[in-house]
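>>> need coordinates for the below:
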Amino acid sequence: MSESEATLKSLFSLEVSDLPPLIAAALESADGSAAMKGQILQKAAKIDWDTIFTEIVEKVSGLLDMNMADIMMAAWSKYELLAQYRDEAKYPPGESALVPLAKHSLSSEHKPSVEVLVNDQSLAELAFSIKLTLHLDGAVLKIQDKKIREIRLGKVGG
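Below you'll find the predicted structure:
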């Protein structure tokens, strides 16, 4: 997975064309979704639901463009093993260290949302919950100047 495509969307192999049925199902199953749709249509009477739904799908697609490297680095920044690489006496600036990580799992939870606005008036907010668990085997981190500069992944599952 190259850096340009390493996102949640690419990890799950989702295309924008895959999202409408998934989002429609999620909206239909959510508590109060029928009331929310009615409220949106009432306040945005001159806009049809297909147009609004298309915009929601586009925004949700953008929510899935979360960079996987950012997610992994946030999790690893709390990893005690890596704290030692902040010691400039042992690891001087400009010097890099390759750190192999044992087989492990990373978990992260994200709660992005899409706010539906019409004429700058908020009509609804659609909140999502993304729970991600990655199983990593053979990862190597390149650490330089107290920061993870590169991630080399072995096997990844999730």
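
>>> make it CA atoms for all contacts and neighbour counts henceforth
Fine.

>>> can you pull out the helices in the protein?
With helices called from DSSP state H, the chain shows them at 8-11, 19-29, 33-43, 49-63, 68-76.

>>> mean confidence for the second one?
Spelled out, that is helix 19-29. Mean pLDDT, helix 19-29: 74.

>>> what's it in contact with?
Residues outside helix 19-29 that contact it (C-alpha atoms under 8 Å, 6 or more residues apart in numbering) are Ser33, Ala34, Thr54, Val57, Ser61.

>>> ok, and for it, which residues are buried?
Judged by neighbour count (16 or more other C-alpha atoms under 10 Å), helix 19-29 contains these buried residues: Pro20, Ile23, Leu27.

>>> hang on, the earlier thing: nearest to Val114, of the contacts of helix 19-29?
Of all the contacts of helix 19-29, Val57 has the smallest distance to Val114: 9.7 Å, by C-alpha to C-alpha.

>>> so for the most centrally placed residue in the chain, what's the pLDDT?
Nearest to the mean C-alpha position of the chain, counting by C-alpha atoms, centre = their mean, stands Met66 at 3.6 Å. Here, the pLDDT recorded for Met66 equals 87.

>>> what's the separation between it and Leu106?
Met66 is 15 Å from Leu106, where distance means C-alpha to C-alpha, to the nearest Å.

>>> do the same with Leu64
Leu64 sits at a distance of 18 Å from Leu106 (criterion: C-alpha to C-alpha).

>>> neighbour count for these two, which is higher?
Leu64 (17 against 14; other C-alpha atoms under 10 Å).

>>> which stretch in the helices of the chain has the least confidence?
Across those, helix 19-29 gives the lowest mean pLDDT, at a mean of 74.

>>> measure how that one sits relative to helix 33-43, angle-wise.
Helix 19-29 runs at 110 degrees relative to helix 33-43, counting by axes from the mean of the first three to the mean of the last three C-alpha atoms, to 10 degrees.

>>> tell me the angle helix 19-29 makes with helix 49-63.
Using the same axes, to 10 degrees: helix 19-29 against helix 49-63 is 110 degrees.

>>> quick check, Met72 in contact with Ser105.
No: look at Met72 against Ser105 with C-alpha atoms under 8 Å: they stay out of range, at 10.3 Å.

>>> tell me the pLDDT at the residue lying farthest from the centre of the chain?
Residue farthest from the centre of the chain, counting by C-alpha atoms, centre = their mean, is Ala89 at 35.6 Å. pLDDT for Ala89: 93.
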